[in-house]
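Chemist: no sequence for this one, just the structure:
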């Protein structure tokens with residue numbers, strides 16, 4: 001006997017949004033997750049009053065008022081503005097690339113001086129048809145910015161030389177000729193007051209949730225409980241890797257609880273030199289303007305993905321994209337399965353994109369079910 005309208009595989013943002021929309025339409029959902037907590041990668045662990053982003057920094061930003069109003073209907077968001085700092089061998093630079101950065105690099109004080117400096121470096125190189133990421137970046141920002149703030153950081157992220165990476169990875173590098181350290185251009189930005197767990201808990205308030213449940217270990221029994229499946233896991237795994245495995249980059253996190261009030265004075269500091277093995281240090285209390293007497297920092301290390309690690313970033317090169325297209329063709333034949341999210345669609349989504357996409361898929365599905 002089917003007790004649910006939908007079995008939602010994954011208690012992350014996509015699954016939580018879909019479940020909430022289904023409930024509003026009078027549908028019943030069973031939400032399962034392999035992990036022992038809800039929230040997927042936005043899950044926060046509370047350490048002495050500090051909400052620790054267990055799977056890396058998550059900063060909500062969007063220019064879509066409907067999405068902003070939607071998330072704020074569950075919980076209030078604070079006024080956090082993402083203003084990361086880059087550390088290159090002990091030298092500190094503001095990000096994104098703006099007049100503060102240019103002053104720190106060259107002591108220029110006007111936009112005209114900064115543009116002239118960049119244009120001189122770009123024109124000297126004479127790159128007209130960039131064939132790899134290195135040439136693409138150099139043709140956009142010149143040598144100083146590239147070598148101090150892009151090259152070694154990018155090579156750590158991807159685990160390979162910038163000359164081996166395709167040019168399309170960096171389609172553009174925004175240069176701001178104002179003294180503005182706000183990383184995002186979006187109109188709305190912030191962190192849920194009390195952390196992301198509050199947001200996801202409210203989205204899932206009306207669903208039945210089972211944690212520590214591996215879909216693939218109980219696939220037949222679980223699918224028998226619902227009319228349809230909403231699947232947010234890896235699409236190649238769903239089809240038993242029929243055509244081979246898609247590739248990802250993964251991350252390793254080292255969390256430290258320190259008996260000091262303030263470690264680095266900023267939520268995010270990127271380490272852009274190759275000698276430092278991690279790409280950034282996150283100090284979580286600054287996301288919520290914390291005044292706790294202790295602090296928690298996280299060092300983030302990019303690593304090659306294996307089956308034993310979490311898949312974070314799809315490697316959307318031509319080989320993997322062609323492989324994904326084969327799996328997508330198979331998914332179109334699964335009339336009782338809705339595939340959605342970063343892993344199921346082999347596409348990197350920011351949080352606001354995930355929510356917008358989940359709302360769209362839910363509304364299409366629920367309208368057709370009327």
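Modeler: That came through fine. It should be emphasised that the depicted structure is a prediction, and the values quoted were computed from it without experimental measurement.

Chemist: hey, let's count contacts and neighbours off CA atoms from now on
Modeler: Noted.

Chemist: Run through who's touching the helix or strand containing residue 21.
Modeler: Residue 21 is part of helix 13-24 when elements are defined by DSSP states H and E. Outside helix 13-24, the residues that touch it by Cα atoms under 8 Å, 6 or more residues apart in numbering are 8-9, 28-29, 31, 39-40, 42, 200, 203-204, 206-207, 230, 232, 340-341, 351, 354-355, 357-359, 361-363, 366.

Chemist: can you give me how far the top helix by length along the chain is from the chain middle?
Modeler: Longest helix in the chain by number of residues, with DSSP state H as the criterion: helix 351-368. Using Cα atoms, centre = their mean, to the nearest Å, the distance from the centre of helix 351-368 to the centre of the chain it belongs to is 18 Å.

Chemist: Would you indicate which residues of it are buried?
Modeler: By neighbour count with 16 or more other Cα atoms under 10 Å, helix 351-368 contains the buried residues 351-359, 361-363, 366.

Chemist: same question, stretch 114-123
Modeler: Using 16+ other Cα under 10 Å as the burial criterion, the residues of stretch 114-123 that qualify are 114, 117, 118, 121, 122.

Chemist: again with stretch 63-74
Modeler: By neighbour count, with 16+ other Cα under 10 Å as the criterion, the buried positions of stretch 63-74 are 67, 68, 71.

Chemist: Return the member of those nearest to residue 309.
Modeler: residue 71 (29.7 Å; Cα to Cα).

Chemist: Help me confirm that the closest one is found in a strand?
Modeler: No - counting by DSSP: H, G, I helix; E, B strand; the rest coil, one finds residue 71 to be helix, located in no strand.

Chemist: Contacts only, for it.
Modeler: Counting by Cα under 8 Å, 6+ apart, residue 71 makes contact with residue 199.

Chemist: And residue 142, how far from residue 366?
Modeler: Separation of residue 142 from residue 366 (Cα to Cα, to the nearest Å) stands at 51 Å.

Chemist: now do residue 359
Modeler: Counting by Cα to Cα, the gap between residue 359 and residue 366 amounts to 10 Å.

Chemist: Could you double-check that residue 282 lies in contact with residue 267?
Modeler: Yes - shown here, residue 282 and residue 267 form a contact pair, counting by Cα atoms under 8 Å, at 5.4 Å.

Chemist: what about residue 138, how many residues close to it?
Modeler: Using other Cα atoms under 10 Å, the number of residues around residue 138 comes to 24.

Chemist: That one reaches residue 122, doesn't it?
Modeler: Yes - under the criterion of Cα under 8 Å, residue 138 makes contact with residue 122 at 6.7 Å.

Chemist: quick one: common contacting residues for the two?
Modeler: With Cα under 8 Å, 6+ apart applied, the contact sets of residue 138 and residue 122 do not overlap.

Chemist: where exactly do the helices run in the protein?
Modeler: Secondary structure of the chain by DSSP H: the helices cover 13-24, 65-72, 99-106, 111-125, 133-141, 143-145, 151-158, 196-203, 219-223, 235-238, 318-331, 351-368.

Chemist: all strands for the stretch 201-350 of the chain, in order.
Modeler: According to DSSP state E, counting those that start in this stretch, the stretch 201-350 of the chain carries its strands in the segments 208-211, 226-231, 248-258, 268-271, 280-283, 295-304, 313-314, 337-339.

Chemist: Output those strands as TSV; include the columns distance to residue 2 and mean pLDDT.
Modeler: Formatted as TSV, the entries for these read as follows, by distance: least, Cα to Cα, whole Å; pLDDT from 0 to 100:
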stretch	distance to residue 2	mean pLDDT
strand 208-211	14	98
strand 226-231	5	97
strand 248-258	36	97
strand 268-271	47	98
strand 280-283	45	98
strand 295-304	41	97
strand 313-314	35	92
strand 337-339	15	98
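
Chemist: Including mean neighbour count and distance to residue 81, could those go into a markdown table?
Modeler: Output for those, formatted as a markdown table (neighbours: other Cα atoms under 10 Å; distance: least, Cα to Cα, whole Å):
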| stretch | mean neighbour count | distance to residue 81 |
| --- | --- | --- |
| strand 208-211 | 16 | 33 |
| strand 226-231 | 20 | 33 |
| strand 248-258 | 16 | 23 |
| strand 268-271 | 23 | 11 |
| strand 280-283 | 24 | 14 |
| strand 295-304 | 20 | 19 |
| strand 313-314 | 19 | 24 |
| strand 337-339 | 19 | 33 |
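
Chemist: Please tabulate those in TSV, including the columns distance to residue 80.
Modeler: Conversion of the strands of the stretch 201-350 of the chain to TSV gives the following (distance: least, Cα to Cα, whole Å):
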stretch	distance to residue 80
strand 208-211	31
strand 226-231	32
strand 248-258	22
strand 268-271	12
strand 280-283	13
strand 295-304	18
strand 313-314	25
strand 337-339	32
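
Chemist: Among these, which comes closest to residue 107?
Modeler: Each of these was scored for nearness to residue 107 using Cα to Cα, and the closest is strand 268-271 (21.7 Å).

Chemist: From the contact counts, what lies against the closest one?
Modeler: Under the contact criterion of 3 or more Cα pairs under 8 Å, 6 or more residues apart in numbering; DSSP states H and E, strand 268-271 touches strand 85-88, strand 280-283.

Chemist: how about 10 Å then?
Modeler: Using 3 or more Cα pairs under 10 Å, 6 or more residues apart in numbering; DSSP states H and E as the contact criterion, the neighbours of strand 268-271 among helices and strands are strand 85-88, strand 91-94, helix 151-158, strand 280-283, strand 295-304.

Chemist: Any chance of JSON lines for the ones you listed, columns distance to residue 225?
Modeler: Conversion of those to JSON lines gives the following (distance: least, Cα to Cα, whole Å):
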{"stretch": "strand 85-88", "distance to residue 225": "49"}
{"stretch": "strand 91-94", "distance to residue 225": "52"}
{"stretch": "helix 151-158", "distance to residue 225": "41"}
{"stretch": "strand 280-283", "distance to residue 225": "41"}
{"stretch": "strand 295-304", "distance to residue 225": "37"}
